[in-house]
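Student: Sequence below, structure please.
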Amino acid sequence: MRLRTRPVLALASTAFLVLAAGCADETPHTPGSTGSDAGTPSQAPGDDDGAMTSGGGLPTGGLGGGIGGGDGEDSTDDGEEASGPASITIGAAGDLLSHAPVIANAQANAGGDGYDFGPMFDDVRDLLTAPDLTICHMETPLSADNTNITQPRVLVFNTPHELADAVVDAGYDGCDFASNHTWDQGLSGLESTQEVLRGVGLEYAGPTAEEDDPGIAHYEVDGVKVAQLAYSYTIYNSGAPTTDVPPEAPWLGDHLWPLIGAEGILEDAEQAKADGADFVVLSMHWGNEYWTDPTDEQRQLAADLLESDAVDLILGTHVHVIQPCEKINDKYVIYGLGNFLSNQSPDTTGGQLRPETQEGMFAEFDLERDEDGTVTSTMRFQPTRVDLDGHVIRLATPEQHAETYDRVVDTMHLLGDDACDAEPMS
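Tutor: Numbering: from 1, shown residues only. Below you'll find the predicted structure:
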């Protein structure tokens, strides 16, 4: 176990207890604050987990970490640091958040016998299969036996295992499960999620049910090796951010970025590079929910990480709206990929949620390392929108869902034209 024990900075929090968009015709019971800062879209009440929270502070501290394969074992052959030219294209999309109405549609797709999430991905299959590898963020636990499945208006999630089948069939190669819903079903739910994802051939990154499994996903394409590490601000859906960890699984603190800080993450990333990874991707669950502006903490942490040669790309999740991209040291951070699949929308919450919660994106990154070891990258993105009729993920273009398209493109450059040079794919 590598859990850090020294004191850390406390997380700031603003909790507004609400109910989720748990049913297509339901409105959250307790609306929260709708205040806004100048230049920042208003916070909206309502969430998948009943809390509006801060991404937290930035303590520093050390954390070591080995590099593990998809089955929790070390998958490197020689442990030698990679060198020389290498290149790869990596795709990533926003949160997969299966509210009860999403699950109900999957059940209808299957004719009432099991669940079929496949049709929800039909419009985006070409996007997901185009890169060398594509990564998902699994927001909720997966049930291996489809018991205790998510219910409407209940803030504890558990998704049918058939979602994993749809994810791999759609073109994903792996997922992270570092979120504030990691502990929704306890240790058994964490074990089930790993079992389901790995069982269909997906790589897994994030907190694990076993102390000796570091939860690092491994990918190899034409000899190019990628390690994916995943961290969250908390594992509890508690209504407020916390770095507490369950006494029966103290090693889960290794995946809490406020607890280990930039130094701990960099130790993990440096170890992954030392063990042979050509590129290291970080999945970060962070930020203020429903705010398109990244927090100062997000931006500082991203800068600290990308200034290091150990980190090559940062993928942000959690806030359920698009947040902008930024290029730092010739490498990208996308602060928030939005919702790729969910039931969140003004239409499902009586207007309590923002239109942006129905929107997401697919992002594609070309990473290249030259002979001297310098990594450069380019980025492009495709806005998406969830069609609540069937919860089908639609492409947003200038001709189709133009309002979503314009809003996503504008948000991506929210930090200024010089901050990120990414361009839309359509």
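Student: all contacts plus neighbour counts: C-alpha atoms, from now on.
Tutor: OK.
Student: what lines up beside the one helix or strand residue 315 maps to in the sheet?
Tutor: Per DSSP states H and E, residue 315 falls inside strand 313-317. Strand 313-317 has the following strand partners under DSSP bridges: strand 279-285 (parallel), strand 331-337 (parallel).
Student: so what's residue 416 up against?
Tutor: Listed by Cα atoms under 8 Å, 6 or more residues apart in numbering, the contact set of residue 416 is empty.
Student: Name the SS class of residue 384, please.
Tutor: strand (DSSP: H, G, I helix; E, B strand; the rest coil).
Student: Tell me, how many residues neighbour it?
Tutor: 28 (other Cα atoms under 10 Å).
Student: now it, which residues is it bridged with?
Tutor: residue 360, residue 395.
Student: any chance you could map the helices in the stretch 251-400 of the chain?
Tutor: 257-274, 296-306 (DSSP state H, counting those that start in this stretch).
Student: avg pLDDT for the last one?
Tutor: What it means is helix 296-306. Averaging pLDDT along helix 296-306 gives 99.
Student: Tell me how far the residue nearest to residue 269 when sequence neighbours are not counted lies from residue 368.
Tutor: Spatial nearest neighbour of residue 269, excluding adjacent residues (Cα to Cα, 6 or more residues apart in numbering): residue 310 at 5.4 Å. Counting by Cα to Cα, to the nearest Å, the gap from residue 310 to residue 368 is 14 Å.
Student: need the strands for the stretch 51-200 of the chain, in chain order.
Tutor: 86-96, 133-138, 142-143, 159-160, 174-176 (DSSP state E, counting those that start in this stretch).
Student: Can you lay out those as CSV showing mean pLDDT and mean neighbour count?
Tutor: Below are the strands of the stretch 51-200 of the chain laid out as CSV (pLDDT from 0 to 100; neighbours: other Cα atoms under 10 Å):
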stretch, mean pLDDT, mean neighbour count
strand 86-96, 99, 23
strand 133-138, 99, 26
strand 142-143, 99, 28
strand 159-160, 99, 26
strand 174-176, 99, 29
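Student: closest to residue 426 out of the ones you listed?
Tutor: Proximity to residue 426, assessed across the strands of the stretch 51-200 of the chain by Cα to Cα, is greatest for strand 86-96 (15.8 Å).
Student: The closest one pairs with which strands, parallel or anti?
Tutor: Here, using DSSP bridges, strand 86-96 pairs with strand 133-138 (parallel), strand 339-341 (parallel), strand 359-369 (antiparallel).
Student: Most tightly packed of those strands?
Tutor: strand 339-341 (a mean of 29; mean count of other Cα atoms under 10 Å).
Student: which ones are touching the residue nearest to residue 303 when sequence neighbours are not counted?
Tutor: Of all residues not flanking residue 303 in the chain, residue 328 sits nearest, at 6.6 Å (Cα to Cα, 6+ apart). Shown in contact with residue 328 (Cα under 8 Å, 6+ apart): 303, 306-307.
Student: For the nearest residue to residue 92 once chain neighbours are set aside, list each beta-bridge partner.
Tutor: In space, residue 92 comes closest to residue 135 once its chain neighbours are excluded; the distance is 4.8 Å by Cα to Cα, 6+ apart. Beta bridges link residue 135 to residue 92, residue 174 when assigned by DSSP bridges.
Student: Touching, residue 135 and residue 177? I think so.
Tutor: No: counting by Cα atoms under 8 Å, residue 135 sits too far from residue 177 to count as a contact (11.2 Å).
Student: Residue 337 is nearest to which of the strands of the stretch 51-200 of the chain?
Tutor: strand 86-96 (4.4 Å).
Student: Figure out how far the closest one is from the centre of its chain.
Tutor: Here the centre of strand 86-96 is set off from its chain's centre by 11 Å, with Cα atoms, centre = their mean, to the nearest Å.
Student: Quick one: neighbours of residue 84, just the number.
Tutor: Residue 84 has 11 nearby residues by other Cα under 10 Å.
Student: Mind pulling up the pLDDT for it?
Tutor: At residue 84, the pLDDT recorded in the model is 93.
Student: roughly how far apart are it and residue 276?
Tutor: 12 Å.
Student: low-confidence ranges in this structure?
Tutor: 1-78 (pLDDT under 70).
Student: follow-up on the earlier one: show me which of the contacts of residue 328 is closest to residue 169.
Tutor: Of these, the one sitting nearest to residue 169 (Cα to Cα) turns out to be residue 306, at 32.3 Å.
Student: contacting residues for that closest one?
Tutor: Going by Cα under 8 Å, 6+ apart, the list of residues near residue 306 reads 312-313, 328-329, 331-332.
Student: between those, which is nearest residue 168?
Tutor: Nearest to residue 168 among the contacts of residue 306: residue 313, at 22.3 Å, using Cα to Cα.
Student: Give me the neighbour count for the closest one.
Tutor: Neighbour number of residue 313 under other Cα under 10 Å is 25.
Student: contacting residues around it?
Tutor: Residue 313 neighbours (Cα under 8 Å, 6+ apart): 280-282, 306, 331-333.
Student: Highest neighbour count among those?
Tutor: residue 332 (27 neighbours).
Student: thought it was touching residue 314?
Tutor: Yes: using Cα under 8 Å, residue 332 is in contact with residue 314, at 6.5 Å.
Student: coming back round to it: rebuild the strands paired with strand 86-96 as a markdown table, extending it with distance to residue 264.
Tutor: Formatted as a markdown table, the strands paired with strand 86-96 follow (distance: least, Cα to Cα, whole Å):
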| stretch | distance to residue 264 |
| --- | --- |
| strand 133-138 | 22 |
| strand 339-341 | 28 |
| strand 359-369 | 24 |
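Student: And these: which comes nearest residue 405?
Tutor: Per Cα to Cα, nearest to residue 405 of the strands paired with strand 86-96: strand 359-369, 9.0 Å.
Student: Check the offset of the closest one from the chain's centre.
Tutor: Distance, centroid of strand 359-369 to centroid of chain: 13 Å (Cα atoms, centre = their mean).
Student: which residue packs closest to residue 324, ignoring adjacent ones?
Tutor: Using Cα to Cα, 6+ apart, the nearest residue to residue 324 is residue 412, at 3.9 Å.
Student: measure that neighbour to residue 323 for me?
Tutor: 6 Å.
Student: what does residue 193 give?
Tutor: 27 Å.
Student: what residues are up against the nearest residue to residue 195 once chain neighbours are set aside?
Tutor: What sits nearest to residue 195 in space, not counting adjacent residues and going by Cα to Cα, 6+ apart, is residue 144, at 7.4 Å. Going by Cα under 8 Å, 6+ apart, residue 144 touches 160-161, 192-193, 195-196.
Student: Could you report the distance from residue 144 to residue 362?
Tutor: 28 Å.
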